[in-house]
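Peer 1: Any chance you can model this:
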Amino acid sequence: MLLVIILVLLWLLFLILSFVFWEKLRNESTKNFLYLLNLLNLYNLRELSWDTILNNKWRYNLMNNKGYCFIKGDEMIKDIEYYANDFINYKPWYSRLGNDTNLNFRKRGYSRFAIEYNESRLIKLESKIFAIPSNENLLLKNKGRKFDEIEDDFIHHKLIHLLIWRLFDSLPINNNDRENNIWHVGLHAIRIISKYNEIEGLPTPEGIHQDGAQYVAIIFINKNNVNPTSAKNGIYNLNAIKGPSNQLTSSEHDYNNNECKLFECILSNTFDTILINDRMVTHDATPIIPNNINEIATRDMLIITFMHKQQDENTTYS
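Peer 2: Modelled structure (predicted):
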């Protein structure tokens, strides 16, 4: 009889500890605990909560119906703040980016991954020439561009991998496509520089455009000395007139803004994200204006593109 009582008590203790354990996992104050579990390979950090799953479904529906969705920074990193804080505290990454030889106001790095969905793995790919189809970028056309690789500590940071999975799980892709096709991911770390009367900081010198991908995440990282009313991101339908802003007539500008614009916002909180279907919409961003005209202004962005392996490998350039 005593043995039965002991077993029952042990069972009750197990249930209580299990309940406490899972409650802690859901608690916002246990990110370090999750981190340790991940180091020990005891917990898969690809998805951390039911809330994340619901958010992904919400984004999936918006992407399917509208072709874009805006995700607040704190929602983007929900459950993974530990890694986010570690990432943003290491700011020298962007100051060490190589110069963009095509544009003197931009520093840029470019790296690629392949998604092995069934194995939940990201495979680093070799560097390649970057190009966008001529009809999607009317400034640089399909010019082949060579960028420095982003340094390893950046692209292999746990946060970057988690963001890739979180975004990929939000995309309106059917399960057959996810599981049976290889998707390629492009990482573009970009710093735009602006100096009053010397360097005009243009986030999108090509004006309204597409990125030659199937899906694109535009992620804000940081800015310094940027006028809070500048650097506004815009999303447009496919009827918008593409091309550098200074080459469009006033009537073309009015048409784009009044008839074609679907959404606009100023990204100002770290990890604020616009996720777009690059086949359904076009986009641009207005110039960066220094707040203090005597100092340089900078804006750091992370652009993540998703496309099928065949599309990435078959891109042609001049």
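Peer 1: Residue 200 versus the closest residue to residue 156 other than its chain neighbours, what's the distance?
Peer 2: Excluding its sequence neighbours, the residue lying closest to residue 156 (C-beta to C-beta, 6 or more residues apart in numbering) is residue 124, at 7.8 Å. C-betas here are computed from N, CA, C, even on glycine. Distance, residue 124 to residue 200, by C-beta to C-beta, to the nearest Å: 35 Å.
Peer 1: okay, these two: which has more neighbours?
Peer 2: Per other C-beta atoms under 10 Å, whichever of residue 124 and residue 200 has more neighbours is residue 200, with 16 against 13.
Peer 1: What residues does the residue nearest to that one when sequence neighbours are not counted make contact with?
Peer 2: Once flanking residues are discounted, residue 200 sits nearest to residue 287: 6.1 Å by C-beta to C-beta, 6+ apart. By C-beta atoms under 8 Å, 6 or more residues apart in numbering, the residues touching residue 287 are 194, 200, 201, 202, 203, 230, 231.
Peer 1: Show me which of these are buried.
Peer 2: Buried members of the contacts of residue 287, counted by 16 or more other C-beta atoms under 10 Å: 194, 200, 201, 202, 203, 230, 231.
Peer 1: Can you list the low-confidence ranges for the chain?
Peer 2: For the chain, the stretches flagged by pLDDT under 70 are 1, 4, 8, 14-54, 90-91.
Peer 1: wait, residue 184 sits on residue 113?
Peer 2: Yes: with contact defined as C-beta atoms under 8 Å, residue 184 counts as touching residue 113 (7.2 Å).
Peer 1: Which residue, neighbours along the chain excluded, lies closest to the residue nearest in space to the middle of the chain?
Peer 2: Central residue of the chain (C-alpha atoms, centre = their mean): residue 217, 3.8 Å from the mean position. Distances taken as C-beta to C-beta, 6+ apart place residue 304 nearest to residue 217, at 4.3 Å, with adjacent residues excluded.
Peer 1: Look at the one you found and tell me its secondary structure.
Peer 2: strand (DSSP: H, G, I helix; E, B strand; the rest coil).
Peer 1: now do residue 113
Peer 2: strand.
Peer 1: how about the helices in the stretch 101-250 of the chain?
Peer 2: Here the stretch 101-250 of the chain has its helices, by DSSP state H, counting those that start in this stretch, at 152-155, 158-168, 175-180, 250-255.
Peer 1: Please identify the deepest-packed of those helices.
Peer 2: Using mean count of other C-beta atoms under 10 Å, the stretch among those with the largest mean neighbour count is helix 158-168, at a mean of 20.
Peer 1: which helices and strands sit right next to it?
Peer 2: helix 81-88, strand 106-116, strand 183-194, strand 215-224, strand 297-308 (3 or more C-beta pairs under 8 Å, 6 or more residues apart in numbering; DSSP states H and E).
Peer 1: Which stretch among these approaches residue 70 most closely?
Peer 2: Closest to residue 70 of the helices and strands packed on helix 158-168 is strand 215-224 (C-beta to C-beta; 9.8 Å).
Peer 1: Residues touching the closest one, excluding its own?
Peer 2: Counting by C-beta under 8 Å, 6+ apart, 63, 73, 76, 88, 91, 94, 163, 167, 171, 231, 233, 267-278, 283, 288, 297-307 sit against strand 215-224.
Peer 1: filter the residues you listed to the buried ones?
Peer 2: Among these, the ones that count as buried by 16+ other C-beta under 10 Å are 63, 73, 76, 88, 94, 163, 167, 171, 231, 233, 267, 270-278, 283, 288, 297-307.
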